[in-house]
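1. Okay, sequence plus prediction incoming.
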Amino acid sequence: MKLIEAQRLSGREIRPYVRDIPIVDVRLDLNLPRAKFFDVELNMLEGVLGPRDPYPPVFVRWDAFCQAYLVVSRQNFYALARKRGLSFLPCVEVEPDSERRPSRLAG
C-alpha cells in the first residue's frame, strides 16, 4: 500500500494492515526532514493519548540496507513510544509514493 493511500484510511479501515513490530527494529528515516520532539510537545501528545489508549499506527517502510523499518510518517508517536519504553509499536508497512530522484552527483 502506498503511503498516501494509508493516510486516507480511517482507524477502522487501517486496522487489518496494522502489526506490532519490536521497537528495536524501528528507526527514524534520516532522509526525511528532521523533526525535533521537545518534551513539552511530547507531554501534550501524552495528555491527549492516555496510557491505556491504543496507539495510532506509525507508517514505516522496510530498508534492506539498514535491516530495519524506517518511520516515514507519524514520527511523534514513535518518539512518544520510545519515551514510554514500549517494547512493540503498531505499524503499517507502506511503499514510497514515488521513486527517489537520482542524485545530481551521480554520473
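-> Cool, got the structure.
2. my read: residue 78 touches residue 26, true?
-> Yes: if you go by CB atoms under 8 Å, residue 78 and residue 26 touch, sitting 6.6 Å apart. Heads up, the C-betas are built off the backbone N, CA and C, glycines and all.
3. Quickly list what's touching both of those two.
-> 58, 71, 89 (CB atoms under 8 Å, 6 or more residues apart in numbering).
4. could I get the helix or strand of the chain with the lowest mean pLDDT in PDB with only the CA atoms?
-> Least confident helix or strand, the chain: helix 39-48 with a mean of 71, by mean pLDDT, DSSP states H and E. This file holds the C-alpha atoms of helix 39-48, laid out as PDB (Å, rounded to 0.1, in the frame of the first residue of the first chain):
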ATOM      1  CA  ASP A  39       9.400  17.400  26.000                       C
ATOM      2  CA  VAL A  40       6.600  19.900  26.100                       C
ATOM      3  CA  GLU A  41       5.200  18.700  22.800                       C
ATOM      4  CA  LEU A  42       5.500  15.000  23.800                       C
ATOM      5  CA  ASN A  43       3.800  15.800  27.100                       C
ATOM      6  CA  MET A  44       0.900  17.500  25.200                       C
ATOM      7  CA  LEU A  45       0.600  14.400  23.000                       C
ATOM      8  CA  GLU A  46       0.800  12.100  26.000                       C
ATOM      9  CA  GLY A  47      -2.000  14.100  27.600                       C
ATOM     10  CA  VAL A  48      -4.200  13.500  24.600                       C
END
